[in-house]
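# my questions concern the predicted model and sequence given below.
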Amino acid sequence: MDATAVAVSGLRKAYRDKVVLDGIDLEVRNGTIFALLGPNGAGKTTMVKVLTTLLPPDAGKVTVAGHDVTAETGAVRAAIGVTGQFASVDQLLTGQENLRMMADLLHLPKAEGRRTAQRLLDRFGLAGAAHTLVSSYSGGMRRKLDLAMTLVGQARIIFLDEPTTGLDPRSRRTMWEIIRELAAGGTTVFLTTQYLEEADQLAGHIAVLDQGRLVAEGTPDELKRRVPGSHVLLRFADQAAWDRAARVLPGSARDGDELSLRVPGDGRVRTLRALLERLDAHAVEVDELSVRTPDLDDVFLALTGRADKEAVR
């Protein structure tokens, strides 16, 4: 199997005279979690619609699971699963009936459909509610069932549009574990999310889309290093040590109440070793050391000029 799950080259899409996607190039590797971030109107929804064959591209080449999204739509659809922002389950059916209905729609043999439904109920912790109407499910249970339904056809690539919107923190973390398990099992996950912490926790690779263009791409750590503000926080056990350190490191930011110094630095081992050796040469003992780096909120604001609460849609 090709190591590339999604390949996009020169993708353009416009609505009349408004260009929504302008020359997008990206690649998503098989078995990874890829996150697409961007402010409102950035073009994320349009991107997902093109990748899932719901919209044709105006220009460029787009392949998903090795198939062209324009020329081989049937093959693409057979390889993918799509979960939208809101759970698309039938509330008048039970969890088991929802899954069996999906198996019927995919023309699975009856016996295989039953086995698949039971396997997914067990996998997602829904076996105890298999015969309960979905209308009585919690939000977290509905989202799990919705994701389970995308796996009835054994999708190789799953597109998740804000999969944890509206969930409480415990349900959100449960979904995170399920998503990680999917990737560990070889499923590729293409994720859009309004929670930057979610992208940071889950994604091995992130792309930031703004005004129809990719403005940054890389691992979470690579993106964070692009934003200034990394520093080493040093704390000292007593006033005398803090005073000596402040003289040795005159460019540091001082906090006398906390007996701490903020020293600009990238947090790399070589940098930390040099810093500690410099203090040791002046007989200054550090009580506590921690490295602080910008988070994805800082990255997003720096790249798009918008706060994270505007990050998606």
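Thanks, I have the structure now.

# which residues touch Gly251?
For Gly251, the set of contacting residues under the criterion of CB atoms under 8 Å, 6 or more residues apart in numbering consists of Val263, Pro264. Yep, even glycine has a C-beta here, placed from its N, CA and C like the rest.

# state the pLDDT value of it.
Reported pLDDT at Gly251 in the predicted model: 85.

# just checking, what packs against the strand or helix carrying Ala183?
Ala183 is part of helix 169-184 when elements are defined by DSSP states H and E. Counting contacts by 3 or more CB pairs under 8 Å, 6 or more residues apart in numbering; DSSP states H and E, the secondary-structure elements packed against helix 169-184 are strand 33-37, helix 139-150, strand 188-192, helix 196-202.

# any chance you could map the helices in the stretch 51-200 of the chain?
Under the criterion DSSP state H, counting those that start in this stretch, the stretch 51-200 of the chain carries helices at the ranges 73-79, 95-105, 110-123, 139-150, 169-184, 196-202.

# list the helices and strands the second one packs on?
It refers to helix 95-105. Applying 3+ CB pairs under 8 Å, 6+ apart, one finds that helix 95-105 makes contact with helix 110-123, helix 139-150.

# returning to that earlier point: any idea which of the helices and strands packed on helix 169-184 is most buried?
Mean neighbours per residue, mean count of other CB atoms under 10 Å, is largest over these for strand 33-37, with a mean of 26.

# ok so, going back, need the helices and strands packed on helix 169-184 in CSV (columns: distance to Val69 and mean pLDDT).
Compiled in CSV, the helices and strands packed on helix 169-184 are given as follows (distance: least, CB to CB, whole Å; pLDDT from 0 to 100):
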stretch, distance to Val69, mean pLDDT
strand 33-37, 16, 95
helix 139-150, 18, 89
strand 188-192, 13, 94
helix 196-202, 24, 89
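
# of the ones you listed, which approaches Glu162 most closely?
Minimum separation from Glu162 across those (CB to CB) falls at strand 188-192, 6.1 Å.

# which helix or strand in the chain has the lowest average pLDDT?
The weakest-scoring helix or strand in the chain, judged by mean pLDDT, DSSP states H and E, is helix 296-304 (a mean of 78).

# CA atoms of that one as CSV?
Coordinates of each C-alpha in helix 296-304 appear next as CSV, following Å, rounded to 0.1, in the frame of the first residue of the first chain:
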residue,chain,number,x,y,z
LEU,A,296,-0.6,26.4,19.8
ASP,A,297,-2.8,29.4,20.8
ASP,A,298,0.3,31.6,20.5
VAL,A,299,1.2,30.0,17.2
PHE,A,300,-2.3,30.5,15.8
LEU,A,301,-2.4,34.1,16.9
ALA,A,302,1.0,34.8,15.4
LEU,A,303,0.2,33.1,12.1
THR,A,304,-3.3,34.3,11.5
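
# and this structure, what are its domains?
Per automatic domain parsing, the domain ranges recorded for the chain read 4-225, 231-292.

# the helix holding Ala183 vs strand 33-37, what angle?
130 degrees (axes from the mean of the first three to the mean of the last three CA atoms, to 10 degrees).

# which parts of helix 169-184 are buried?
Residues of helix 169-184 classed as buried by neighbour count (16 or more other CB atoms under 10 Å): Ser171, Arg172, Thr174, Met175, Trp176, Ile178, Ile179, Leu182, Ala183.

# run the chain-centre distance for it.
11 Å (CA atoms, centre = their mean, to the nearest Å).

# coming back round to it: now tabulate the helices and strands packed on helix 95-105 in a markdown table and tack on distance to Thr52.
Written out in a markdown table, the entries for the helices and strands packed on helix 95-105 read as follows (distance: least, CB to CB, whole Å):
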| stretch | distance to Thr52 |
| --- | --- |
| helix 110-123 | 21 |
| helix 139-150 | 11 |
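
# who's in contact with stretch 207-221?
Under the criterion CB under 8 Å, 6+ apart, residues 19-26, 34-39, 41-44, 47, 199-200, 203-206, 223, 226, 296, 299-300, 303-304 lie in contact with stretch 207-221.

# show me which of the residues you listed are buried.
When burial is judged by neighbour count using 16+ other CB under 10 Å, the buried members of the contacts of stretch 207-221 are 19-21, 24, 26, 34-39, 42-44, 47, 199-200, 203, 205-206, 223, 296, 299-300, 303-304.

# how deep is the nearest residue to Asp104 once chain neighbours are set aside tucked in, by neighbour count?
In space, and not counting its chain neighbours, Asp104 is closest to Gly113: 6.4 Å by CB to CB, 6 or more residues apart in numbering. Neighbourhood size, Gly113 [other CB atoms under 10 Å]: 20.
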